[in-house]
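K.L.:
Sequence and predicted structure are below.
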Amino acid sequence: MSTQFTVLLLISFVLGFMGNSALAQEVNPYEVMGKTGIAQTSTAELDQEIAMPKPKVLIFDVNETLLDLAPLKTSVSKALGGREEFVPLWFSTMLHYSLVETLSGNYHSFGEIGTAALMMVAESQGIELENQDAKVAVVTPLQSLPPHHDVSAGLKMLSEDDFRVVSLTNSSAEGAETQLRNAGLTDLFEKRYSVESVKMYKPHPDTYRMVNNDLGVRPEEVMMVAAHAWDLAGAKNVGLQTAFIARPGTALYPNVARPDYVVNDLQEFAKLLREDT
């Protein structure tokens, strides 16, 4: 019996003698003893920690999680007259309108939305930009992004440990195949999925359910791996386990449950999974 579980039993036993006192009503034994001995873990989080099964399937986001967006950001900055400070605005605008399309029942490819977002930012900042130039600035580098240094080795480690490894991206099906082929990663995935199949963007629940249904697995048997907190929030919402890859400039969203794993790169993630399973 673990020390933590023993402490929880003792706390519950003591509270049982306290009847209807204010302290008995206010104290939750699970909150008294967190994972590191700090009063911070909720009942739901601790229950999940105890019951969490070994994942059978690992779903990887592609853009930024696996592929380095630096060339794309450089290209977008150049299209905006070298104004690097507007690149985050372009990226957030692209994500914003992918959600607008999903909520309104519309669908354009991620490259089309990225191009439109770049045109919008240019117009709002008084920068002259032709649509064709915007398209070239977004779509061309998007197709040939290099993988982060840890990706290939990390994916190979996970495959060696018999995890089913698949990808799920907001890029179009054709675009995703081109991206992974140019990055030399295609053969490291059992299957490669695009939201184009359901014509809704992550984090819509149907994007994750599409993968689960196709592979014939239950949500709790699946772990979503991404560098975007919004992606993990969507995955957690449908019952998937989650892992956050803390790429430079990314951060967790405080208003949702903390991911099951928070790591710096894929090799660290693979090592932790190997130790835990």
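P.N.:
Right, received. Where do you want to start?
K.L.:
what ranges do the strands span in the stretch 51-200 of the chain?
P.N.:
57-60, 164-169, 191-194 (DSSP state E, counting those that start in this stretch).
K.L.:
Go through these and pick out the most buried.
P.N.:
Ranked by mean neighbour count, the strands of the stretch 51-200 of the chain are led by strand 57-60 with a mean of 25 (mean count of other Cβ atoms under 10 Å). Yep, even glycine has a C-beta here, placed from its N, CA and C like the rest.
K.L.:
Just checking: what are the partner strands of it?
P.N.:
Take DSSP bridges as the rule and strand 57-60 pairs in its sheet with strand 164-169 (parallel), strand 222-226 (parallel).
K.L.:
would you turn those into JSON lines with mean pLDDT?
P.N.:
Compiled in JSON lines, those are given as follows (pLDDT from 0 to 100):
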{"stretch": "strand 164-169", "mean pLDDT": "98"}
{"stretch": "strand 222-226", "mean pLDDT": "98"}
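K.L.:
one step back: out of the strands of the stretch 51-200 of the chain, nearest to Val262?
P.N.:
strand 57-60 (15.6 Å; Cβ to Cβ).
K.L.:
what's that closest one in contact with?
P.N.:
Residues from elsewhere that reach strand 57-60 (Cβ atoms under 8 Å, 6 or more residues apart in numbering): 66, 155, 158, 163-168, 189, 193, 208, 211, 215, 217, 221-226, 235, 240.
K.L.:
Is it possible to get the strands paired with strand 57-60 out as a markdown table so that each row also shows distance to Val151?
P.N.:
Listed next are the strands paired with strand 57-60 as a markdown table, based on distance: least, Cβ to Cβ, whole Å:
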| stretch | distance to Val151 |
| --- | --- |
| strand 164-169 | 11 |
| strand 222-226 | 11 |
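K.L.:
Figure out which of the ones you listed is closest to Leu145.
P.N.:
With Cβ to Cβ, the closest approach to Leu145 among the strands paired with strand 57-60 belongs to strand 164-169: 11.4 Å.
K.L.:
Alright, calling it a day.
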